[in-house]
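Student: 3D, please:
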Amino acid sequence: MWGSLASLRGLGPRDPGSNPGIPIFTKMKKRRVSIIIFFNNQGKLLIQDRKGYKKGADYGFFGGKIEEGETPEEALKREIKEELTINIKDFSLFKHYLKYYPEKDLQIEYWVYYALMPQLKEIIVKEGGTYLTNFKDVENINMSTNDLKLIKNIHVYLRRKKLIE
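Tutor: Model (predicted):
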């Protein structure tokens, strides 16, 4: 009962062990993000090198927070313009999902897109760096578990659609 009531109100648990039998709820933090996975048809990936730039994993995806009043697509275009100084037009939605991070009492709504990799000579990196890898070697770099799972799923999807070799 408490779980359904909490989810209806957008509330999350706060230290439920401190008061056994009586759940205590706080307003759960929520965030919406648009991210993109760039690839080429040889199975290469272009990801963001975040070493020394952002906390957490060394590598991640380009994109970021959806601002108030923005659509996920508008946010993605803005973020890519800010991070790589390019305008993207051709991209497709791969997956839309919610993920709850209990240790942070945070729910993130993800909009995950994919697109052909831009020409590297067109990119001027403004946030972090770029890192070129492939679907097989990506398992050997420091990325979040969630990002690695997305890469595995998109790899299967792109192969099924015959967009990569």
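
Student: does Glu74 count as helix, strand or coil?
Tutor: Put simply, Glu74 is helix when judged by DSSP: H, G, I helix; E, B strand; the rest coil.

Student: Tell me how far it lies from Trp111.
Tutor: When distance is defined by Cβ to Cβ, to the nearest Å, Glu74 is 11 Å away from Trp111. Using the backbone N, CA and C atoms, a C-beta is placed for each residue, glycine as well.

Student: These two - which one has more neighbours?
Tutor: A direct count of neighbours by other Cβ atoms under 10 Å for Glu74 and Trp111 places Trp111 higher, at 21 against 13.

Student: which SSE is Glu79 in?
Tutor: Taking DSSP states H and E as the criterion, Glu79 maps to helix 72-84.

Student: List the residues that contact the residue lying closest to Leu84 once chain neighbours are set aside.
Tutor: Among residues not flanking Leu84 along the chain, Ile123 sits closest, at 4.9 Å (Cβ to Cβ, 6 or more residues apart in numbering). Counting by Cβ atoms under 8 Å, 6 or more residues apart in numbering, Ile123 makes contact with 84-86, 130.

Student: Next: Val33.
Tutor: Val33 makes contact with 63-66, 75, 108-111, according to Cβ under 8 Å, 6+ apart.

Student: would TSV of those with distance to Val156, pLDDT and secondary structure be doable?
Tutor: Output for those, formatted as TSV (distance: Cβ to Cβ, whole Å; pLDDT from 0 to 100; DSSP: H, G, I helix; E, B strand; the rest coil):
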residue	distance to Val156	pLDDT	secondary structure
Gly63	21	96	strand
Gly64	26	95	strand
Lys65	28	96	strand
Ile66	26	98	coil
Ala75	26	98	helix
Ile108	23	95	strand
Glu109	23	97	strand
Tyr110	18	97	strand
Trp111	19	98	strand
